[in-house]
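Chemist: take a look and give me a structure for this.
(2 chains)
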Number of protein chains: 2
Amino acid sequence: MALLDLALAVARPILGDKLINCIAINRLVKAGPARPAAWSTLEDDYISWSGLTDKTWFARLLPPDRGPQVVGIGTRHPPTDDLAVLFPAPAGQQVLCPKSTTLFPAFAQYLTDGFLRTRLFNTPQGPRTRPGAEDRRRTTSNHEIDLSALYGRTEEQTRVLRTRVGGLLKSQMIGAEEFPPFLYGMYGLPKAEFCDADGALVLDEPLGVQKSANKESLFAVGGDRVNASVEVASINTLFLREHNRLARMLAVENPIWDDERLFQTARNIVIVMFIRIVVEEYINHISSAPFRFLADPAVAWDASWNKSSWMSIEFTMLYRWHSLVPEYLTWKGEKLVPGATLLNNALLIRDGLAETLTQMSANHAARMGLGNFASFFVDSEAKGIEQGRANDLRGYNDYREVMGLPRARSFAEVVGRGEDRQDSARRAALAAELERLYGYIDNLELYVGLFAEPCQKNSPIPELVLAMVAMDAFSQALPNPLLCKRIWTDPDTLRRTFTDKGVEEIEQTSSLRDILAKQDPGLGSRFIGMTRPGWKRS
Amino acid sequence: MALLDLALAVARPILGDKLINCIAINRLVKAGPARPAAWSTLEDDYISWSGLTDKTWFARLLPPDRGPQVVGIGTRHPPTDDLAVLFPAPAGQQVLCPKSTTLFPAFAQYLTDGFLRTRLFNTPQGPRTRPGAEDRRRTTSNHEIDLSALYGRTEEQTRVLRTRVGGLLKSQMIGAEEFPPFLYGMYGLPKAEFCDADGALVLDEPLGVQKSANKESLFAVGGDRVNASVEVASINTLFLREHNRLARMLAVENPIWDDERLFQTARNIVIVMFIRIVVEEYINHISSAPFRFLADPAVAWDASWNKSSWMSIEFTMLYRWHSLVPEYLTWKGEKLVPGATLLNNALLIRDGLAETLTQMSANHAARMGLGNFASFFVDSEAKGIEQGRANDLRGYNDYREVMGLPRARSFAEVVGRGEDRQDSARRAALAAELERLYGYIDNLELYVGLFAEPCQKNSPIPELVLAMVAMDAFSQALPNPLLCKRIWTDPDTLRRTFTDKGVEEIEQTSSLRDILAKQDPGLGSRFIGMTRPGWKRS
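Modeler: Numbering: from 1, shown residues only, chains lettered A, B, ... in the order given. Sure thing, here's the model as predicted:
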């Protein structure tokens, strides 16, 4: 793999950036099984029309594991409680990631909460095909990168978030800064405008809001997890401001347009800007390749993998990246108590958006992996394990195989060698622990195996996660309807989708910082980014 | 086009059937604009996320016509009443089609009523994006060939049609013959079992049932138009029997399977049989090519046009094939009164399925085109014209151009030369009438232009209809989820979708007659087919 990457890097001056990009993306997507998936989480033993067409189930990369296998040694499903020891970092010894700032996990969360959506008990239930069969097998996803965190997942949610004048999203000014409106009003009750006839946003009440220390600081936004932390809320605030900036710009340029056209056109521009950031900033940050990926929609137009998006259960599982979150943040020189930014937007409101993003970019993310979770996330990992079991996922080695990677032959091979003596000792202990729990390497569960691997060289994530993320990211992002051939090859349709000015705005945007710089001319030379300024390829 | 077809026919012995088939299908699909369509019937002037993702709107092959164009001569929209003269056949002079039996229009109707579904007032309404904007712009389609006429369009409809024992669909025996159950019970009211909690089938009450002479003969079926005629009801009866035959066969082979698995597996087999008949019997009947198309799913796997299906408004328009229906049918030697088979299943019940299909195969279809409609269809054509106008469709010539055909320069060119003196006189009169109504060739509306053309040589349909139908048929049928690469390239998944016996059954089925022959060993040498036995290529 790395060798092929190197060959591509060497060939770049001859073949050109666009062709190298196209070859590299096709290689990553085609490493895994062809789309569409035949199996979904509805199925255990056979394929049905409902499973092939009902997108309230997750797709599957591999068919389910069918019943118990006798392997002689160990077990495929150690008691969840026994696995709890695998996650926490030893007190005071969480290892930091050399490459990533905390802007990286914040963006990852904001992005994936938009479409990797396991249906939980507090969301409305659709008709069920099989009574009793539910939790952690179904999804509320729209299966597209549609910025649902900003705009809502449903028409009704979108409607209550709009002012219905000038194409704007509802917002409030606090001092000189624009924020989403607050969700809660008098007596700590949700404001009536956000409940509306169908419940709208309140049906998706921010998860864990009961635990919130500062409920009145939570925003009315499209996504139920945007308020999960200051970090995520700040990214949403950036896109809210961008939507409104663009809507105002479009209104000046097109004085006869109504609210609807201004809103729809601004949304089109913002969604494509977002996809560009996903590819050009975020994926390039994750990538270990010695060249940069481009958000070139043409790569997907005639590709065999350009099929309509359908989120897979494996994609949902592998994207549980809690271990990236550091136990301690330093904020303007002060060390915060663990979890201080969770469900509490006070810091963002106090310090403003630019300062918040600057502070996020000044902190290291933690190193992804087992034995390195912040204390406040340890409990949530049992859910990942349960989700894998509820869906009868195949083991870790089967997924390595389907992604074209060699099967691991031992637990020592999974955990790798470690970067220094201390790290090696920790990794050896982890391998011993895994062996004690699972006994036999083919018993190792996907969820545990994914995060038992060491981070890939030059990447903040491990090898199998990287392979699966790359495949899904490109094959879900580039087939977005707004990137389709008909729009981008017909100048009139392109103009009626984004306007000429909108296309320019899109082309000028490759990073979160690009957006902030347009909104905030006083940004100066502040560093805002996912890759730490001092980081160098090795 | 014809030349290329000939070249393909000549090259067949060298390249082989499969490759020729692949080249020919790709050529037909790629003749038109790339999928997915950017525009939908939601839009008039600009592209929105809702239009790109909300499949209750039709897709569009071409953007809407934007407002009045000054052309100097004539009008783009003559009064609908003035157009009424274009449709009826002169009394007693309806021309018959040399190639087709009436099995052909019956199958066309059964097929297309399943997915070309304009939302009418009596169907449940979803949330509307723009209040007031509706009829003939929206659809109730599932956008797939899913045999919804047999199984229902919704989960609830499917549920009330099932016995929930042995995977069977509800049916009744009348004498030795199996039919769907009757929909109406005592006092002419729908039976309670078909209303159920959500209304199910009764919300889609057979259209025009008020006019039915024989309401008690109507069947409880998945599609609201299955009872429209004996011809259509007979095809549905054939597939009902096939589903139940397969479910019984699967139950014998797999005694431990529950109702659900038996039902789902039988449905999978029947849907794929249906698609095979669409390609191998129906499309080959329509085609003018000197070779046969094969239902080879592999053709679509890596094709750039393999995108999820989305019915277009143009597809809905061009498939209004009422002129294929003859004024008079001869049934077992007797001439029936016009419209005798409409909304009245008495003949089917009296004569049985084999005899009904035999009689249908013994009658000529009428020749498709203006000036050749049976008297009982003349009124319905205004709806086609209105649908085109409600959706601001572009003109006939723009669609010729987008399909790679030359624009017509005169009305005489549109109507063609005629097959004999009488036909030539009729066609010349039609050209004069069109000129009087539209004035200028670029004013000609799509719907009128489609059926003003003469039938293509060796095909029962005209050139532009043929080009558009071929593109849509292949690009909607072959991307069916049941034909996807993952199912057909993994033997275990294939078996869990259809069973080995099911795959065999599929492979043995290329025509409606093949199905009937399996059900009815006494079928003997009866002719049942869409292409008249005496017909020869010219």
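Chemist: within range of chain B, give me the residues from the stretch 401-538 of chain A.
Modeler: A:P481, A:L482, A:C484, A:K485, A:R486, A:I487, A:T489, A:D490, A:D492, A:T493, A:R496, A:T497 (Cβ under 8 Å from any Cβ of the partner chain). Backbone N, C-alpha and C define where each C-beta goes, glycine included.
Chemist: what about the last one, neighbour count?
Modeler: Read it as A:T497. Residues lying near A:T497 (other Cβ atoms under 10 Å in any protein chain shown) number 26.
Chemist: isn't it right up against A:C484?
Modeler: No - if you go by Cβ atoms under 8 Å, A:T497 and A:C484 don't touch, sitting 9.8 Å apart.
Chemist: overlap in contacts, these two.
Modeler: The overlap between the contact sets of A:T497 and A:C484 (Cβ atoms under 8 Å, 6 or more residues apart in numbering or on different chains) consists of B:A38.
Chemist: hmm, back to that, in CSV, list the residues of the stretch 401-538 of chain A next to chain B along with secondary structure.
Modeler: As requested, those are arranged in CSV below (DSSP: H, G, I helix; E, B strand; the rest coil):
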residue, secondary structure
A:P481, helix
A:L482, helix
A:C484, coil
A:K485, helix
A:R486, helix
A:I487, helix
A:T489, helix
A:D490, coil
A:D492, helix
A:T493, helix
A:R496, helix
A:T497, helix
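Chemist: farthest-apart pair in those residues, please.
Modeler: A:P481 and A:D492 (17.6 Å; Cβ to Cβ).
Chemist: of the two, who's got more company?
Modeler: Of the pair A:P481 and A:D492, A:P481 is the one with more neighbours under other Cβ under 10 Å, namely 21 against 8.
Chemist: pLDDT weak spots in chain A?
Modeler: Filtered on pLDDT under 70, chain A yields the residue ranges A:1-2, A:67-72, A:121-135, A:196-200, A:202-213.
Chemist: any idea which strand is longest in it?
Modeler: What stands out as the longest strand in chain A, according to DSSP state E, is strand A:96-101.
Chemist: show me the contact partners of the helix or strand just after that strand.
Modeler: Downstream of strand A:96-101, the first helix or strand assigned by DSSP states H and E is helix A:103-112. Contacts to helix A:103-112, defined as Cβ under 8 Å, 6+ apart, come from residues A:145, A:149, A:223, A:225-226, A:228-229, A:231-232, A:234-236, A:277-278, A:281-282, A:285, A:319, A:321, A:324-325, A:357, A:360-361, A:365, A:460, A:512, A:528-531.
Chemist: show me where the stretch 101-250 of chain A has its helices.
Modeler: Taking DSSP state H, counting those that start in this stretch as the test, the helices found in the stretch 101-250 of chain A are A:103-112, A:148-151, A:155-161, A:192-195, A:230-253.
Chemist: about what we covered before: now that we have the residues of the stretch 401-538 of chain A next to chain B, which of them are buried?
Modeler: Among those, the ones that count as buried by 16 or more other Cβ atoms under 10 Å in any protein chain shown are A:P481, A:L482, A:C484, A:K485, A:R486, A:I487, A:D490, A:T493, A:R496, A:T497.
Chemist: got a markdown table for those residues, with distance to B:A467 too?
Modeler: Formatted as a markdown table, these follow (distance: Cβ to Cβ, whole Å):
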| residue | distance to B:A467 |
| --- | --- |
| A:P481 | 26 |
| A:L482 | 29 |
| A:C484 | 22 |
| A:K485 | 20 |
| A:R486 | 19 |
| A:I487 | 24 |
| A:D490 | 21 |
| A:T493 | 22 |
| A:R496 | 27 |
| A:T497 | 28 |
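Chemist: of the residues you listed, closest to A:N344?
Modeler: A:L482 (34.2 Å).
Chemist: isn't the closest one right up against A:R267?
Modeler: No - A:L482 sits out of contact with A:R267 when judged by Cβ under 8 Å, with a separation of 9.4 Å.
Chemist: what do those two both touch?
Modeler: With contacts defined as Cβ under 8 Å, 6+ apart, the residues shared by A:L482 and A:R267 are B:W49.
Chemist: contacts for the longest strand of chain A?
Modeler: A:285, A:324, A:326, A:360-368, A:455, A:458-460, A:529-532, A:535.
Chemist: how close does A:S380 sit to chain B?
Modeler: To chain B, A:S380 is 32 Å away according to Cβ to the nearest Cβ, to the nearest Å.
Chemist: now that residue. Nearest residue, chain neighbours left out?
Modeler: Once flanking residues are discounted, A:S380 sits nearest to A:H322: 6.4 Å by Cβ to Cβ, 6 or more residues apart in numbering or on different chains.
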